[in-house]
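Asks: below is the sequence, then the predicted model.
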Amino acid sequence: MSPTLYSKTMIGFLIKKAFFDTWDHLITVVVLNLGFLLSFAIPTVVPEWVSPLGLPVVTAVVVVGLVITFLYLGMLAMAAKEIAFYRTPSFDDLLSYLTHTWKGSLVFGGLTALAVLIPLFFFPFYASWGGAIGFIGMVILLWALIGWSLMSVWFYPLLCQIEPKVRKVLKKSFLLALDNPGLSIVLILSTPVILFISIFTALLVPGPAGLMVWLQDALKLRMYKYEYLEAHPDADRKKIPWETLLIEERERVGKRTLKGMFFPWKE
């Protein structure tokens, strides 16, 4: 079997697992997304309400709101991890989720803010230089942003599943993106697709929670590759036997169809 087919096998099952994981916890996903929308409203909606109080107040509301949003995103990621591992997240555990992820969430939020703000200032700056130096500066900045994008999709899954220490999460995110560029690109490109689909449900399904389930499932399944390579150090890294490695996961998800979801009596 070709490496391409192996990859398609893994990605195809990833799509199925993430879809049914979200479906099986639909109410939980909707509630989690409602919480995210409320937190995101603080930096996006509330500033307009307090604008008569002046720029310092508006700035403070935006900053505090973004901090709250990223802290909530960390809790949401932990809940998504529970779903990916066939467990039902408990709202009683939200405090423990926050305790586990708050440092990582603040770092991720800060780096994301830099990834947005730096290009706004430095792209025009390098462009104003002109010539080879300005061009090289813009290219370096562009590749740095691409690198962060590739790393960012692995940050929360690693933080929740593997490593609570932020420095190690960043290092492992870089190594994962470097070792799995194809899957990383798939995850990046799928993010706007998932969010676009969510517009039709007011971001309630699949929404940010569904996106996090997708990313958590991606790491969960990808780890089978590394477990296999650890057990078989001489194996060809380009020929991972996904059909064999995913047997147990396939059994857990089961043979399910869209028809069976909506019309189970016809199955």
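Replies: Happy to help now that I have it. Numbers count the residues shown, from 1 in each chain.
Asks: can you pull the contacts of L71?
Replies: Contact partners of L71, counting by Cβ atoms under 8 Å, 6 or more residues apart in numbering, are L98, T101, W102, S105, L106. C-beta coordinates here come from the backbone N, C-alpha and C atoms, glycine included.
Asks: look up how far V193 lies from it.
Replies: When distance is defined by Cβ to Cβ, to the nearest Å, L71 is 26 Å away from V193.
Asks: over to V116?
Replies: Relative to V193, and taking Cβ to Cβ, V116 is found at 20 Å.
Asks: what of M10?
Replies: 18 Å.
Asks: counting neighbours, go ahead and name the busier of the two.
Replies: M10 (20 against 10; other Cβ atoms under 10 Å).
Asks: who's in contact with the more buried one?
Replies: Residues in contact with M10 (Cβ under 8 Å, 6+ apart) are L221, R222, I240, W242, L246.
Asks: change it to 7 Å
Replies: L221, W242 (Cβ atoms under 7 Å, 6 or more residues apart in numbering).
Asks: can you show me the CA trace of the helix or strand harbouring it as CSV?
Replies: Under the criterion of DSSP states H and E, M10 resides in helix 3-24. The C-alpha coordinates for helix 3-24 follow below in CSV (Å, rounded to 0.1, in the frame of the first residue of the first chain):
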residue,chain,number,x,y,z
PRO,A,3,2.2,6.1,1.6
THR,A,4,-0.5,8.3,0.0
LEU,A,5,-3.1,5.7,0.6
TYR,A,6,-2.0,5.2,4.2
SER,A,7,-2.3,9.0,4.7
LYS,A,8,-5.8,9.0,3.1
THR,A,9,-6.8,6.1,5.4
MET,A,10,-5.8,8.1,8.5
ILE,A,11,-7.3,11.4,7.4
GLY,A,12,-10.5,9.8,6.1
PHE,A,13,-11.1,8.1,9.5
LEU,A,14,-10.1,11.3,11.3
ILE,A,15,-13.0,13.1,9.5
LYS,A,16,-15.4,10.3,10.4
LYS,A,17,-14.3,10.1,14.1
ALA,A,18,-14.4,13.9,14.6
PHE,A,19,-17.9,14.1,13.0
PHE,A,20,-19.4,11.4,15.1
ASP,A,21,-17.6,12.5,18.3
THR,A,22,-19.2,15.9,17.8
TRP,A,23,-22.6,14.4,17.0
ASP,A,24,-22.6,12.1,20.0
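Asks: ok, then the element right after it?
Replies: Downstream of helix 3-24, the first helix or strand assigned by DSSP H and E is helix 26-44.
Asks: which secondary structure elements does that following helix contact?
Replies: Applying 3 or more Cβ pairs under 7 Å, 6 or more residues apart in numbering; DSSP states H and E, one finds that helix 26-44 contacts helix 55-84, helix 207-231.
Asks: for these, give me TSV that also has distance to S152 and mean pLDDT.
Replies: Below are the helices and strands packed on helix 26-44 laid out as TSV (distance: least, Cβ to Cβ, whole Å; pLDDT from 0 to 100):
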stretch	distance to S152	mean pLDDT
helix 55-84	12	98
helix 207-231	10	98
